[in-house]
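Enquirer: Give me a 3D structure for the following:
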Amino acid sequence: MEIRKIVLIDEELCNGCGLCIPNCAEGALQIIDGKAKLLKDDYCDGLGACLGHCPQGAIQIIEREAETFDEEAVHAHLAQQKHSQAPETSALRQWPVQLYLVPTKAAFFDDQDLLVIADCVPLAYPNVHGSLLSNKSVVIGCPKFDDAQGYVKKLTEILKNNTVKSITVAHMEVPCCSGLLWIVKKAIEASGKQIPLKRQIITIRGEIE
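Expert: Here you go, the predicted model:
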């Protein structure tokens, strides 16, 4: 152990956007449970290449007692990552996903966290699977071009027929997309249940606000 410079992540500020991940050449950072985490002290060289890529200002370099940076361990870690990760890793756990097509009663909804996502979000936000969709069921739709009242009715039936633990709404920052939040609020109200609701707004630059 030694006193040296090392990354510190403020989990209260971190929104899990993942922009810091590709800028850590040592692979020391990873999104875990929706937050950026330092995997091991000896993977971090303390140079701070990830600092300028955090829009929330959640990363800083501090000095504290830590394991010595181990370049050999980093090489082994990166080799393991390359070996174990598929070229594309999907967090999708169900099919179908379009709100009109999903059944109103299904095992993939029951006792699960639900992501209600605008269909343009996956094109704008590069870390959908790692940050938003991980460990969630999902329904997808467009509040502008589809029938909003029809969505309310369908989602209400899903909430009535299943024990949904929580709902995350993810939509683009453009005004027409915010209707998705209205749809979800109306469905929760109509279901008669108290379901925790979280909102994630995606900018046209591909960042979480």
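
Enquirer: Render the CA-only coordinates of stretch 55-62 in CSV, please.
Expert: Only the C-alpha atoms of stretch 55-62 are listed here, as CSV (Å, rounded to 0.1, in the frame of the first residue of the first chain):
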residue,chain,number,x,y,z
PRO,A,55,-20.8,15.6,-17.6
GLN,A,56,-21.9,15.5,-14.0
GLY,A,57,-18.5,16.2,-12.5
ALA,A,58,-18.8,13.1,-10.4
ILE,A,59,-15.1,12.0,-10.9
GLN,A,60,-12.1,13.5,-9.2
ILE,A,61,-8.5,12.6,-8.4
ILE,A,62,-7.6,12.4,-4.7
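
Enquirer: I'd like the average pLDDT over that stretch.
Expert: The pLDDT scores in stretch 55-62 average 90.

Enquirer: Out of the helices and strands in the protein, which is least certain?
Expert: helix 71-84 (a mean of 81; mean pLDDT, DSSP states H and E).

Enquirer: Point out where this protein drops to low pLDDT.
Expert: Applying pLDDT under 70 to the chain picks out residues 53, 83-88.

Enquirer: Can you list the residue ranges for helices in it?
Expert: Using DSSP state H, the helices of the chain run over 71-84, 121-124, 148-161, 179-191.

Enquirer: Redo these as JSON lines? Include distance to Tyr100 and mean neighbour count.
Expert: (Glycine included, C-beta is placed from N, CA and C.) Below are the helices of the chain laid out as JSON lines (distance: least, Cβ to Cβ, whole Å; neighbours: other Cβ atoms under 10 Å):
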{"stretch": "helix 71-84", "distance to Tyr100": "37", "mean neighbour count": "12"}
{"stretch": "helix 121-124", "distance to Tyr100": "18", "mean neighbour count": "16"}
{"stretch": "helix 148-161", "distance to Tyr100": "7", "mean neighbour count": "18"}
{"stretch": "helix 179-191", "distance to Tyr100": "13", "mean neighbour count": "19"}
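
Enquirer: tell me how far the least confident helix or strand of the chain is from the chain's mean position?
Expert: 25 Å (Cα atoms, centre = their mean, to the nearest Å).

Enquirer: wait, which of the helices of the chain is closest to Cys17?
Expert: Set against Cys17 and scored by Cβ to Cβ, the helices of the chain come closest in helix 121-124, at 12.0 Å.

Enquirer: Can you spell out which helices and strands pack onto that closest one?
Expert: strand 164-172 (3 or more Cβ pairs under 8 Å, 6 or more residues apart in numbering; DSSP states H and E).

Enquirer: coming back round to it: what's next to the least confident helix or strand of the chain, contact-wise?
Expert: 26-28, 39-40, 42-43 (Cβ atoms under 8 Å, 6 or more residues apart in numbering).

Enquirer: do the same with stretch 124-140
Expert: With contact meaning Cβ under 8 Å, 6+ apart, stretch 124-140 is reached by 16-18, 21, 31, 34, 89-94, 97-99, 102, 108-109, 112-119, 121-122, 155, 158, 168, 170, 172, 200, 202-204, 206-208.

Enquirer: Would you write a PyMOL line that selects the buried entries of the residues you listed?
Expert: Here is the PyMOL command that selects the buried residues among these (16 or more other Cβ atoms under 10 Å):
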select buried, resi 16+17+18+21+31+34+97+99+102+109+112+113+114+115+116+117+118+119+121+122+155+158+168+170+172+200+202+207+208
